[in-house]
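Novice: Just need the structure, nothing else, for what follows:
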Amino acid sequence: MSYSGSTSPQIKLILEWTEGFKKRDLDVLTKPLHKDFRKIVYPRSLGKPEENREESIAHLAKVVSLWTENEVSHVGYFSKPLRSG
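Specialist: Residues are numbered from 1 along each chain as shown. The predicted model follows:
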């Protein structure tokens, strides 16, 4: 994927991550995760347990395995406003 705009590290990371999802490549998706990565779901009152790096990767692997299509369809329409009269 090429992007002619900004080449900031943040944009590069997002583009790489997008490619990783397209290719279903866990190595690309997990590359930016620090060895001490923790995933915490907020609000804490939801009762979701904190996940370490390995648990988070296992969850991401499940998400990626469900990924079937990465194209979006769009249906547009035009409507005329109702006229009183």
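Novice: CA only for contacts and neighbour counts going forward, please
Specialist: Noted.
Novice: List the buried residues for stretch 29-39?
Specialist: Leu29, Thr30 (16 or more other Cα atoms under 10 Å).
Novice: and it, how far apart are its ends?
Specialist: Using Cα to Cα, to the nearest Å, the end-to-end distance of stretch 29-39 comes to 15 Å.
Novice: what residue ranges in this structure score low on pLDDT?
Specialist: Across the chain, the ranges flagged by pLDDT under 70 are 1-6, 68-85.
Novice: got the residue ranges for the strands in it?
Specialist: 38-39, 51-52 (DSSP state E).
Novice: what's in contact with the first one?
Specialist: This points to strand 38-39. For strand 38-39, contacts defined as Cα atoms under 8 Å, 6 or more residues apart in numbering pick out Glu50, Glu51, Asn52, Arg53, Ser56.
Novice: List the neighbouring strands of it plus their orientation.
Specialist: Using DSSP bridges, the strands paired with strand 38-39 in its sheet are strand 51-52 (antiparallel).
Novice: Could you export stretch 59-68 as PDB, CA atoms only?
Specialist: Provided in PDB are the C-alpha atoms of stretch 59-68 (Å, rounded to 0.1, in the frame of the first residue of the first chain):
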ATOM      1  CA  HIS A  59      -7.900 -12.800  21.000                       C
ATOM      2  CA  LEU A  60      -6.600 -11.000  17.900                       C
ATOM      3  CA  ALA A  61      -6.000 -14.300  16.200                       C
ATOM      4  CA  LYS A  62      -9.700 -15.200  16.700                       C
ATOM      5  CA  VAL A  63     -10.700 -11.800  15.200                       C
ATOM      6  CA  VAL A  64      -8.500 -12.300  12.200                       C
ATOM      7  CA  SER A  65      -9.800 -15.800  11.600                       C
ATOM      8  CA  LEU A  66     -13.300 -14.400  11.400                       C
ATOM      9  CA  TRP A  67     -12.300 -11.700   8.900                       C
ATOM     10  CA  THR A  68     -13.900 -12.700   5.700                       C
END
